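In: Below is the structure, and that's it, no one-letter string:
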């Protein structure tokens with residue numbers, strides 16, 4: 001039996017496509033999901049609506065102003081060995097302004113890059129996979 005060390009955390013992520021139908025991914029330098037490519041996003045703050053949270057996180061991480069198009073899917077990441085349990089709402093968003101760049105001064109993100117959907121990196125964050133599957137099967 002596993003002893004719980006906390007409660008699940010709530011996160012948000014954003015699927016951002018450009019005019020070439022390329023997906024914006026960030027390289028994670030820190031846990032959770034260190035050394036993987038991920039859709040940008042982060043944690044929901046207490047009393048913060050999830051849609052507000054995803055817009056804030058995208059501005060903070062990659063300097064884009066976005067508009068919510070809709071909820072794409074939900075994703076769950078469970079790693080008991082790391083005491084991690086995340087439930088993430090993944091939104092499809094449209095860019096309203098800004099140029100994507102790495103805004104994380106603390107080193108959480110190593111790189112920001114566009115990828116063609118048919119040429120994605122293999123080391124994807126676990127909560128990024130369901131988002132890509134939903135994109136490819138609609």
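Out: On my side now, so go ahead. These numbers come from a predicted model, not from an experiment. Numbers count the residues shown, from 1 in each chain.
In: Would you map the strands across this protein?
Out: Secondary structure of the chain (DSSP state E): strands at 9-16, 22-28, 37-38, 41-43, 65-79, 84-97, 109-116.
In: can you redo these as TSV with mean pLDDT and distance to residue 131?
Out: Heads up, the C-betas are built off the backbone N, CA and C, glycines and all. Listed next are these as TSV, based on pLDDT from 0 to 100; distance: least, CB to CB, whole Å:
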stretch	mean pLDDT	distance to residue 131
strand 9-16	96	5
strand 22-28	96	9
strand 37-38	96	10
strand 41-43	93	10
strand 65-79	94	6
strand 84-97	95	5
strand 109-116	94	13
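In: which one of the ones you listed lies closest to residue 135?
Out: Closest approach to residue 135 among the strands of the chain (CB to CB): strand 9-16, 6.4 Å.
In: which residues sit against that closest one?
Out: For strand 9-16, the surrounding residues in contact (CB atoms under 8 Å, 6 or more residues apart in numbering) are 23-24, 38-44, 50, 53-54, 57-58, 62, 64, 66, 72, 75, 84-93, 95, 100, 127-128, 131, 135.
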